[in-house]
Structures are given as structure tokens and as C-alpha cells.
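Asks: Okay, predicted coordinates and the sequence, questions at the end:
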Amino acid sequence: MRDAKVSPHQVMSHTDQGEYSRTIFGFWVYLLTDFMMFAALFAVYVVLRKNTLNGPGPKELFDLRSALVQTLVLLFGTFFVGMAGVYAHRNKRRKTLLYFGLTFILNSLFLWLMVSDLRRLIEMGQTWKNSGFLSAYFTLVATFGVHVAFALLWTIVLLVPVLRGGIELFSLRRLVCLRMFWQFLNIIWIFIFSIVYLLRGIP
Amino acid sequence: MIDTHRGWNMSIKPTVLGLFFSLVAIVASYRIVNHYHFSNHVLVWEILILACVQTTLQLIFFLHIGLEARPRWNTLMLLFMIFLMFVLVGGSIWIMHHLDYNVMPPLDQL
């Protein structure tokens, strides 16, 4: 195993191993239910997309370039969280902290970009009260934003014990769950980017 | 050593590969929308297929789905979720497409 020191993962006993897999599986099932919730919101958006009540539609309102920037920022945040997961498994505390820190910065930037996009719409007078299309859009994107905000909070909460001590099995398990949560959010964003932003011009 | 994911949890390579493939997919779909002229029907399919390919690659390279030890519960749950998603999203779109606009007259004719 390369240059890695002894990682918590390698010295796991059989019981620990079972508990680790069970936790990951349980968290994965939670993520799948969250996928289902977003699937329902996507269905609502696709159905209500044309109900603009003679107001401006997706083509006039959405800025594709800004959406691309958000997508790339979030993708690199997800990449860094993947790196952080690798270093957590290798029991390298400093690099784990560094990469989780980078993830935190990039994803905060993403949240800021996303919220300023929503603010731009609201300042133009295009709020969720205007039409079915805007209600569905705001619900979908704001639900995503709330997920990102909670994940940022969760990152801080998990990094405090790592900052104080090392990465023992207990915190490794929680860090892997956090890694999976960010990666899950990035997958949801692929579909927001494709269906809401890239396909905005489809009549 | 116990490793349920064939060493992928400890290796940087899958993460870098996942980033690379995702970048290619994002840039490709962005260029397709901005620089080429396809009919709406073709465009929708191209973007959706690229999104699904990117999702599959991220599930494998980032989330290591399909690499866990047997029995592969994570993968099975994912497949069942995809089936439910098709029923929910596909069903809603299908029903609304055939119901809403055929039953309700346009607003100015009410």
C-alpha cells in the first residue's frame, strides 16, 4: 500500500468493518431518498416550465455563462472533497484538513454565486409569486441551496474534532459520509445545470 | 488489509479521472447548446444522455458505487431508486403532457 502509513481502515477489526459498512450503507439509503425528493421537484419543474402567465420564460431570465461558472466551481469543490476523503483514509491529518478547507471555500463561493443569481431575479421583479414556472424554479434551486448551506455547516462541525485530535475510525466514518453528501449534491446539480439552464430554450 | 472498494478509497487516480470526465461532459454539453444548431428533439436527447453519462461516471469514480463487496446492496438500492424515479418523473411528465393542455382551453378563450 504505497507510502501510506497505517490507516484506520487497515487496522479495523471485523466488528468495526461491519459497522463501517453498515453506516455507509445507511447513509447511502438516506441519499437515495433525497434523490427521490429532488426527482419530484424536477418533475414539477418540467411540467410547470411553460406556465409563465405571459411573463418572461427561462430563455429570457437565465444566464447560461453564470450557470457554467457555478457548475465548474461546484465540480472543483467536489473534486477536492474526493481528495480529502483519500487523505482521510490514508490518515494524513494536515492534507485532509487542507482539502476539506478548499472544499468549504469553493462551495461557499458556489452558494454565494447561486444566491446572487436568485437575488438578480428578485430585483427584476421575477419572484416565486409570479407564475407556476417561477415557483417551481425557486423551489428546486432554493432546496438545493439549503442542502449546500447545511453541508457547509456540517463541514465545520466535523472538522473541529479532526483539528483537535487525529482521524480515528469514528471520525473517518463521519468524514466519508460528508464526502458522499457533497458528491451527491454535485450529481443533483448536473441535472439542474442540464434541465433548467442548458435546456432553457426548448419551447 | 480490509478494503471493501478495491483500494479506490486510498487512491487519487479515480478522483482525478472523475474530474476529467466531468469537465469533458460539461464543456461538451455547453458547446452543443451554444455553438451548434440541432432540432429541439435531438438537443434534449443529447443533453440528457450527456448528463446521464456524467452521473454514471461520477457514481463510479467519486462515490465508488458498484465496487463494494458482495452482496452489492448499495448498487441494488441505487437501481431500485432509478426504477422508482422513472415511474415518478416519467409518469408525471407523460400524464401531464396528455392531460393538462388537452383538457384546459387557452386562457384567452375562457
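Replies: That came through fine. Numbering: from 1, shown residues only, chains lettered A, B, ... in the order given.
Asks: What residues does residue 85 make contact with?
Replies: Answering for chain A, as no chain was given. For A:G85, the contacting residues are A:L175, A:V176, A:R179, B:N9, B:T15, by CB atoms under 8 Å, 6 or more residues apart in numbering or on different chains. In short, each C-beta sits where N, CA and C put it, glycine included.
Asks: You answered for a different chain; I wanted chain B.
Replies: Contacts of B:M85 (CB under 8 Å, 6+ apart): A:F35, A:M36, A:A39.
Asks: mind listing the helices for the chain?
Replies: Answering for chain A, as no chain was given. Using DSSP state H, the helices of chain A run over residues A:14-48, A:58-61, A:64-89, A:93-123, A:132-164, A:169-191.
Asks: my question was about chain B
Replies: Using DSSP H, helices in chain B cover B:13-35, B:40-61, B:73-85, B:91-103.
Asks: Flag every buried residue along the longest one.
Replies: Read it as helix B:13-35. Buried residues in helix B:13-35, counted by 16 or more other CB atoms under 10 Å in any protein chain shown: B:14-15, B:18-19, B:21-23, B:25-26, B:29-30, B:32-33.
Asks: Could you list the domains of chain B?
Replies: Domain assignment for chain B by automatic domain parsing gives B:1-69, B:70-110.
Asks: Low-confidence bits of chain A, can you list those?
Replies: A:1-11 (pLDDT under 70).
Asks: Residue most distant from the centroid, it?
Replies: A:N54 (33.5 Å; CA atoms, centre = their mean).
Asks: start to end distance for stretch A:192-203?
Replies: 18 Å (CA to CA, to the nearest Å).
Asks: Was I right to think A:T103 contacts A:Y87?
Replies: No: at 12.0 Å, A:T103 does not count as touching A:Y87 under the criterion of CB atoms under 8 Å.
Asks: ok, the nearest residue to B:V33 once chain neighbours are set aside - contacts?
Replies: Leaving out its chain neighbours, the residue that sits closest to B:V33 by CB to CB, 6 or more residues apart in numbering or on different chains is A:L198, at 4.9 Å. Residues near A:L198 by CB under 8 Å, 6+ apart: A:L64, A:A67, B:S29, B:Y30, B:V33, B:I47.
Asks: same question, A:C177
Replies: A:T23, A:I24, A:F27.
Asks: Just give the number of residues close to the nearest residue to the first one once chain neighbours are set aside.
Replies: To tie it back to what came earlier, the one meant is A:T23. Ranked by CB to CB, 6+ apart and with sequence neighbours excluded, the top spatial neighbour of A:T23 is A:R173, at 5.2 Å. Residues lying near A:R173 (other CB atoms under 10 Å in any protein chain shown) number 20.
Asks: so what's the closest residue to B:P14 other than its chain neighbours scoring on pLDDT?
Replies: The shortest distance from B:P14 to any non-neighbouring residue, by CB to CB, 6+ apart, is to B:F61 (4.5 Å). For B:F61, the pLDDT comes out at 93.
Asks: Likewise for the one 10 residues further on?
Replies: At B:P71, the model reports a pLDDT of 79.
Asks: residues in contact with it?
Replies: With CB under 8 Å, 6+ apart, B:P71 has no contacts at all.
Asks: Same check on B:S92?
Replies: B:S92 neighbours (CB under 8 Å, 6+ apart): A:A43, A:V44, A:V46, A:V47.
Asks: how many other residues sit next to residue 95?
Replies: Since you didn't name a chain, this refers to chain A. A:K95 has 14 nearby residues by other CB under 10 Å.
Asks: not quite, I wanted chain B
Replies: 11.
Asks: Look up how far chain A lies from it.
Replies: Note on B:I95: its distance to chain A, by CB to the nearest CB, to the nearest Å, is 9 Å.
Asks: quick one: low-confidence parts of chain B?
Replies: Using pLDDT under 70, chain B drops low at B:1-6, B:100-110.
Asks: again, only this time at 50
Replies: B:1-2 (pLDDT under 50).
Asks: Centroid-nearest residue for it?
Replies: With distances taken as CA atoms, centre = their mean, B:C52 lies nearest the centre of chain B, 3.0 Å away.
Asks: mind listing what the residue lying closest to A:Y45 once chain neighbours are set aside touches?
Replies: Closest residue to A:Y45 in three dimensions, ignoring its sequence neighbours and counting by CB to CB, 6+ apart: A:A136, at 4.3 Å. By CB under 8 Å, 6+ apart, the contact list for A:A136 reads A:L41, A:V44, A:Y45, A:V47, A:L48, A:R49.
Asks: what about the residue lying closest to the first one once chain neighbours are set aside, distance to A:L153?
Replies: Looking back up the chat, that one is A:L41. Closest residue to A:L41 apart from its sequence neighbours, by CB to CB, 6+ apart: A:L140 at 4.7 Å. In this view, A:L140 and A:L153 are 21 Å apart by CB to CB, to the nearest Å.
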